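K.L.:
next comes the sequence, and after it the predicted model I'd like to discuss.
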Amino acid sequence: MTARSTDRPTAIDSFLQIATLRIELKDSNPPIWRLVEVPTSVTLKVLHDIVQAAMGWFDYHLWEMRIDGQTYGLPMEDDWGTAPRKIAARVRLRDVLAPGTTTIAYSYDFGDDRQHTLTLSDDRQGDPALAYPRFIDGQRDCPPEDCGGISGFYDMLEIRSDPTHEQHAEINDWLDGYDPGELDTLPIEASLARIAARRNAAAKRIAKPKAT
């Protein structure tokens, strides 16, 4: 009985530990980035879900993370990475964090090759009154899915800005009012809130005293 009551705050404290996550889409200019407070108790699979929500991707494609030469992702019959793949759902973020700052290479959509740099810093205790993950800041909308990667994205914007281009009308219709400079944070906050709600349910189970 005494041991359980001693261990329980440790479990809750670990559950409430957070870090600051900066997500940046590589080769974007001006930079497309997000800042999110994330729980370090989440699995790398949930970290993937957080990145998808924060960036505005729709999780249509394959993905992987690389940390210090190790590849993490979904279970696959063939490893496409540089090292045998570890299953992301079985590894917690806190177990791969280094002291100070941790950098993760995150690839989404192996066809369009969307490369992101995930930088985690300021590992600390979170506020019990707040729900995590929590959106903090960001700039610019993510490119549309299936637009040909970052180079294809900028090519499309250039074509749209040139009424004399033979593909102008087609690209203009395809982008359909898309503004790369705007960032609608409401869908991001709503998606992150759904992830936080699942964590809150788990937190209640951890905090609930066991029947004796």
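P.N.:
Okay, I see it.
K.L.:
nearest residue to the middle of this structure?
P.N.:
residue 51 (1.3 Å; C-alpha atoms, centre = their mean).
K.L.:
what's it in contact with, if anything?
P.N.:
23, 57, 106, 108, 116, 118 (C-beta atoms under 8 Å, 6 or more residues apart in numbering). Quick note: C-beta positions are derived from backbone N, CA and C, even for glycine.
K.L.:
shouldn't the second one be within a helix?
P.N.:
It stands for residue 57. No: counting by DSSP: H, G, I helix; E, B strand; the rest coil, one finds residue 57 to be coil, located in no helix.
K.L.:
distance-wise, check it relative to residue 166.
P.N.:
Residue 57 sits 30 Å away from residue 166, taking C-beta to C-beta, to the nearest Å as the criterion.
K.L.:
more neighbours, the two?
P.N.:
Neighbour count, other C-beta atoms under 10 Å: between residue 57 and residue 166, residue 57 has more, with 19 against 8.
K.L.:
was I right about the more buried one contacting residue 107?
P.N.:
No: look at residue 57 against residue 107 with C-beta atoms under 8 Å: they stay out of range, at 12.0 Å.
K.L.:
any idea which strand is longest in this structure?
P.N.:
strand 114-125 (DSSP state E).
K.L.:
related to what we said a few turns ago, now do the shared contacts for residue 57 and residue 107.
P.N.:
Common neighbours of residue 57 and residue 107 (criterion: C-beta under 8 Å, 6+ apart): residue 114.
K.L.:
now the strands: where do they sit in this protein?
P.N.:
Using DSSP E, strands in the chain cover 17-25, 33-39, 63-67, 70-73, 86-87, 102-108, 114-125, 134-139.
K.L.:
got the contact list for the first one?
P.N.:
For strand 17-25, the surrounding residues in contact (C-beta under 8 Å, 6+ apart) are 31-41, 47, 50-51, 54-55, 93-94, 97, 106, 114-126, 132-133, 136, 142-143, 150.
K.L.:
give me the distance between residue 191 and residue 143.
P.N.:
From residue 191 over to residue 143 (counting by C-beta to C-beta), the distance is 18 Å.
K.L.:
same thing with residue 55?
P.N.:
Relative to residue 143, and taking C-beta to C-beta, residue 55 is found at 10 Å.
K.L.:
what touches both of those two?
P.N.:
Common neighbours of residue 55 and residue 143 (C-beta under 8 Å, 6+ apart) are 25, 32.
K.L.:
more crowded one of the two?
P.N.:
residue 143 (26 against 23).
K.L.:
surely residue 152 touches residue 112?
P.N.:
Yes: here residue 152 reaches residue 112: they are 7.2 Å apart, a contact under C-beta under 8 Å.
K.L.:
of these two, who's got more company?
P.N.:
Counted by other C-beta under 10 Å, residue 152 and residue 112 do not tie: residue 112 has more neighbours, with 18 against 14.
K.L.:
show the model's pLDDT score for the more buried one.
P.N.:
On pLDDT, residue 112 comes in at 91.
K.L.:
is it true that it touches residue 151?
P.N.:
No: with contact defined as C-beta under 8 Å, residue 112 does not count as touching residue 151 (9.6 Å).
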